[in-house]
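Colleague: Fold the stuff below for me.
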Amino acid sequence: MTKIETLIDIATKENIVVLYRPLRENSNGKMLGLYIWDKLAPCILLDETLQNNLRLQVCVLSEELGHHFNGIRKNFMVTSTYQDRITVGKDETGALRWATDFLISDADLIYAVKELKLRSCWELAEYFEVTQPFMWRKLGFLRTCFRYTGIKVRSRDIFSVELLPCNAYYKNSL
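Modeller: Numbers count the residues shown, from 1 in each chain. Got it, this is the predicted structure:
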């Protein structure tokens, strides 16, 4: 089963309707996906141009599924206060973390770096069949894990440190 088929299967099992609509043209070219929560019929809207870009489609759909599994605390369309924007930002980060962890497990990333000797974001993005910005976000989340142990790692140094699954960093820091 391909990644997109797996994601569509998850959406189907969760009773989420996935629809393609012209989101970009209605959002000044910015919006690629939107999760709409409703008790009876949750829905994910994807920009119709994503059907021509499988990697981006997989990344956007997984991020929107991340909203479903992490929940939404604030409507991003109504952010009148600074606190509202912080809450929306946390929701977006949580959804993206779910998406990166789902598509690129820590164990698979460690295997790609240690065993396959992949040493650049581009090579990793190719291997995992995701976009480069999505891969950078996964690496960024991994760097965050390092911080809990007091290790400060720059992006360019991520391949020269001993990689462990993210939860191992949390356990070692306690």
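Colleague: number of nearby residues for Val18?
Modeller: 16 (other CB atoms under 10 Å). Just so you know, the C-beta spots here come from the backbone N, C-alpha and C atoms, and that holds for glycine as well.
Colleague: State the distance from it to Ile86.
Modeller: 29 Å (CB to CB, to the nearest Å).
Colleague: do the same with Gly33
Modeller: Taken as CB to CB, the span from Gly33 to Ile86 is 22 Å.
Colleague: I'd assumed Ile4 was in contact with Leu54.
Modeller: Yes: contact criterion CB atoms under 8 Å: Leu54 and Ile4 qualify, at 6.4 Å.
Colleague: more neighbours, these two?
Modeller: Ile4 (16 against 13).
Colleague: Can you tell me the closest non-neighbouring residue to that one?
Modeller: Distances taken as CB to CB, 6 or more residues apart in numbering place Val58 nearest to Ile4, at 5.4 Å, with adjacent residues excluded.
Colleague: need the helices for the protein, in chain order.
Modeller: With DSSP state H as the criterion, the chain has helices at 3-13, 54-70, 82-103, 106-114, 121-128, 132-147, 166-173.
Colleague: Put the alpha carbons of the longest one into CSV.
Modeller: It refers to helix 82-103. Only the C-alpha atoms of helix 82-103 are listed here, as CSV (Å, rounded to 0.1, in the frame of the first residue of the first chain):
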residue,chain,number,x,y,z
TYR,A,82,-1.9,37.1,20.9
GLN,A,83,-2.9,34.1,23.0
ASP,A,84,-5.2,32.9,20.2
ARG,A,85,-2.2,33.0,17.8
ILE,A,86,0.0,31.1,20.2
THR,A,87,-2.7,28.4,20.6
VAL,A,88,-3.1,28.1,16.8
GLY,A,89,0.6,27.8,16.5
LYS,A,90,0.8,25.0,19.0
ASP,A,91,-2.0,23.2,17.2
GLU,A,92,-0.1,23.5,13.9
THR,A,93,3.1,22.3,15.5
GLY,A,94,1.3,19.3,17.1
ALA,A,95,-0.3,18.3,13.9
LEU,A,96,3.0,18.6,12.0
ARG,A,97,4.8,16.6,14.6
TRP,A,98,2.2,13.8,14.3
ALA,A,99,2.6,13.9,10.5
THR,A,100,6.4,13.8,10.5
ASP,A,101,6.4,11.0,13.1
PHE,A,102,3.8,9.0,11.1
LEU,A,103,5.6,9.3,7.8
